[in-house]
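# how would this look folded up:
(2 chains)
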Amino acid sequence: RAMELPPGRVPAGRVAAVAAGFVRFQRGSPARALALRALRGVRAQDIKDVGHKYYLDLELEDVLDKDSTVNCSAEVLYHLGNKNIAPDVQFTLEGELKSTEEADHRFYTRIRSLEKELVAENIPDSHGHVPPELEPIHLLAWVASGYVIWQNSTENTQLQLAQIKHVKQVKRSDEYLQFDYVVLLHEMVSQEMIPWEMTVLWHPRDGVQVTRDSRQPGH
Amino acid sequence: ANMKLVFVLSALLGASLCLETFVGHQVLRVRTSNEEQVKQLQLLESLEHLQLDFWINPSASAVPVDVRIPAASVQSVKAFLESHGIEYSILIEDLQDVLDQEKQDMARAAQRQRGTGFDFGTYHTLEDIYAELDHLASEYSFVEKIQIGQSYEKRPLYVLKFSTGGSNRPAIWLDAGIHSREWVTQASALWIANKIASDYGTDASVTSLLDHMDLFLLPVANPDGFVYTHTSNRMWRKTRSKIPGSVCYGVDPNRNWDAGFGGPGASKNPCSDSYHGPSANSEVEVRSVVDFIKSHGNFKAFLTLHSYSQLLMYPYGYKCTRPADYAELESLGRSAANAIKSLYGTTFQVGPICTTIYMAGGTTIDWTYANGVKYSFSLELRDTGRYAFLLPSSHILPTATETWPALLDIMVHVLEHPY
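Below you'll find the predicted structure:
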């Protein structure tokens, strides 16, 4: 039977972060990143010989429009044994998300028309500042990090994007935008800062894709 | 310019009251050249789904029309204007930027009016922080700067002592920045120091508090790490001590205390960010505080600031069993968390370290609690991961102003429950 867990206690927050990261990745764009606003409820179930399953009721908000929130129910299954398998995540969103067509199109056109490939570092900077024209690059990394976080999370870890150390646009012959990122992921339980490379592809018509990612040796 | 200021201010007021965002909103100045174009604009005005906000309404053709356009409508409105040959210019490229800048400017101006000259709403270097401590100590007779030791690299560890008299009165401790990358904590501590000093004599609770108790505030508990975050690595957490036999530097000062030292939740690996150190109190930054607390002998509360995660925690970290004072600490914690929430709606989770964030041996408040300081709390301030350690400076004042009532709530409880 599934047992109700207190939302303010471990591991509820970790499971919610994985679910939110997954949803963020699935529904994200350079103009839309969904963040976890509140964990309304969580139930845990021990499935013999399979793993731990969690049922979550989440409230998500659009970071660019905090008034815009959406309810989400999610299921996360952490597999027993092999820690290299990502947890299974399923979710349903209640209601519609605002269209980001205009902003997506604007960003896509702007980047495609750049003569020199975009390069940037330290987003945000030490003071937390992101230049407005780089905000979509920041959001895109945050959306893509949802994939990396989902793929690399266990019940004993909690990953968060801490900073983009370096980003370089790679021009392609097809219609996709490609950005090669080196980011820092903060792992809450060990407190480590983990450098991670990720190659991110995006087109307004498609979702965000992470085609390549690899953990780098640490400091 | 005056009109513009009025509208910007009302937008600012709206934004701050309703937590609206104006990211990507543009303000255009539209110049119509004939009656027909005025009609076109009035037609545009009637299209409610565009959510246009006319700061000056279309009336006569000679008067330019200023209109705020939400991000989603910008392209279509421009296309409409262009297709009808209506001239326009961009007054404001991104309204949110203007509002953010204005907010900062206003906060700075308000502060300048008070004559302190120190901008509490921005991040500072160690030198500037230490200069402000001197300033506070010189401006207020009941504030004294004392040195409780020095860091590994020989930087002074400065504490502000708030005392209106008496002899070794029961005392409250508050520190920040034990983990150097948690910049909102050192910044908040400075604001809090100034708040306490300026509220004594005018605020009833602060006055009553300082009339009966002393307060000791250590705003930069890890100055070597803090300097390192400015000069070399913004994400540095630990001290900067050289570890014998290792190429790596630094010990996690919040795993170095003598309570559950070396247990689960701390690493034996010197290169780890949660390395507990060669032995308990090996770090001079920790030992200096331990010695001070012990020799003073009359501390009743110990509050330590961290970021991020928005948590308000009490012992234990090194084991997942409840402390003897669980009921009172949980209840006081909840009351303090409600005080935080009442300002901007920021929610904090309350609970023991072990079951709220993770098991961790050798933490500060486990040691203080075991050494007679019943009211031992550790706070993780904003945010919950959107910016994490790189919290924008625009968050400093909201963070400090929402956290302070919680700390005061705890302090007043301590005052009213002597033991």
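# which stretches of chain B form helices?
In chain B, the helices defined using DSSP state H lie at B:2-18, B:35-46, B:74-83, B:95-113, B:126-139, B:183-199, B:204-212, B:223-231, B:284-296, B:326-344, B:353-356, B:364-370, B:396-416.
# Please save the CA atoms from the longest one in CSV.
Just to be clear, that refers to helix B:396-416. This file holds the C-alpha atoms of helix B:396-416, laid out as CSV (Å, rounded to 0.1, in the frame of the first residue of the first chain):
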residue,chain,number,x,y,z
ILE,B,396,19.3,40.4,-0.7
LEU,B,397,17.0,42.9,0.9
PRO,B,398,13.8,40.7,0.5
THR,B,399,15.8,37.8,2.0
ALA,B,400,17.1,39.9,4.9
THR,B,401,13.8,41.6,5.6
GLU,B,402,11.8,38.4,5.6
THR,B,403,14.4,36.4,7.7
TRP,B,404,14.8,39.0,10.4
PRO,B,405,11.2,38.6,11.9
ALA,B,406,11.9,34.9,12.3
LEU,B,407,15.1,35.5,14.1
LEU,B,408,13.5,38.1,16.3
ASP,B,409,10.6,35.7,17.0
ILE,B,410,13.1,33.1,18.3
MET,B,411,15.1,35.7,20.2
VAL,B,412,11.9,37.0,22.0
HIS,B,413,11.0,33.5,22.9
VAL,B,414,14.4,33.0,24.4
LEU,B,415,14.1,36.2,26.3
GLU,B,416,10.7,35.1,27.7
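# How about that helix and chain A, touching?
No: in this structure, helix B:396-416 remains apart from chain A according to CB under 8 Å from any CB of the partner chain; the gap is never smaller than 9.4 Å. For glycine as for every other residue, the C-beta is placed from the backbone atoms N, C-alpha and C.
# List the buried residues of that helix.
Neighbour counts over helix B:396-416 (16 or more other CB atoms under 10 Å in any protein chain shown) mark B:396-411, B:413-415 as buried.
# Please compute how far it lies from its chain's middle.
Shown here is helix B:396-416, whose average C-alpha point lies 12 Å from the average C-alpha point of the whole chain (CA atoms, centre = their mean, to the nearest Å).
# Now it: average pLDDT?
Within the predicted structure, the mean pLDDT of helix B:396-416 is 98.
# In terms of secondary structure, what does it contact?
Packing partners of helix B:396-416 (3 or more CB pairs under 8 Å, 6 or more residues apart in numbering or on different chains; DSSP states H and E): strand B:171-176, helix B:183-199, helix B:204-212, strand B:299-307, helix B:326-344, strand B:375-381.
# Which of those sits closest to residue B:80?
Distances from residue B:80 to each of these were compared by CB to CB, and the smallest falls on helix B:326-344, at 38.1 Å.
# which residues of chain A score low on pLDDT?
A:219 (pLDDT under 70).
# change it to 90
A:1-2, A:7-10, A:65-68, A:81-84, A:95-98, A:217-219 (pLDDT under 90).
# returning to that earlier point: closest one to residue A:22 among the helices and strands packed on helix B:396-416?
Put simply, out of the helices and strands packed on helix B:396-416 the one that sits nearest residue A:22 is strand B:375-381, at 24.2 Å, with distance taken as CB to CB.
# just how off-centre is that closest one within its chain?
Taking mean C-alpha positions (CA atoms, centre = their mean), strand B:375-381 and its chain are 14 Å apart.
# What of stretch B:221-234?
Taking CA atoms, centre = their mean, one finds stretch B:221-234 lying 18 Å from the centre of the chain it belongs to.
# before we move on, back to that, please tabulate the helices of chain B in JSON lines, including the columns distance to residue B:145.
As requested, the helices of chain B are arranged in JSON lines below (distance: least, CB to CB, whole Å):
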{"stretch": "helix B:2-18", "distance to residue B:145": "35"}
{"stretch": "helix B:35-46", "distance to residue B:145": "61"}
{"stretch": "helix B:74-83", "distance to residue B:145": "53"}
{"stretch": "helix B:95-113", "distance to residue B:145": "21"}
{"stretch": "helix B:126-139", "distance to residue B:145": "4"}
{"stretch": "helix B:183-199", "distance to residue B:145": "10"}
{"stretch": "helix B:204-212", "distance to residue B:145": "17"}
{"stretch": "helix B:223-231", "distance to residue B:145": "14"}
{"stretch": "helix B:284-296", "distance to residue B:145": "14"}
{"stretch": "helix B:326-344", "distance to residue B:145": "28"}
{"stretch": "helix B:353-356", "distance to residue B:145": "31"}
{"stretch": "helix B:364-370", "distance to residue B:145": "22"}
{"stretch": "helix B:396-416", "distance to residue B:145": "20"}
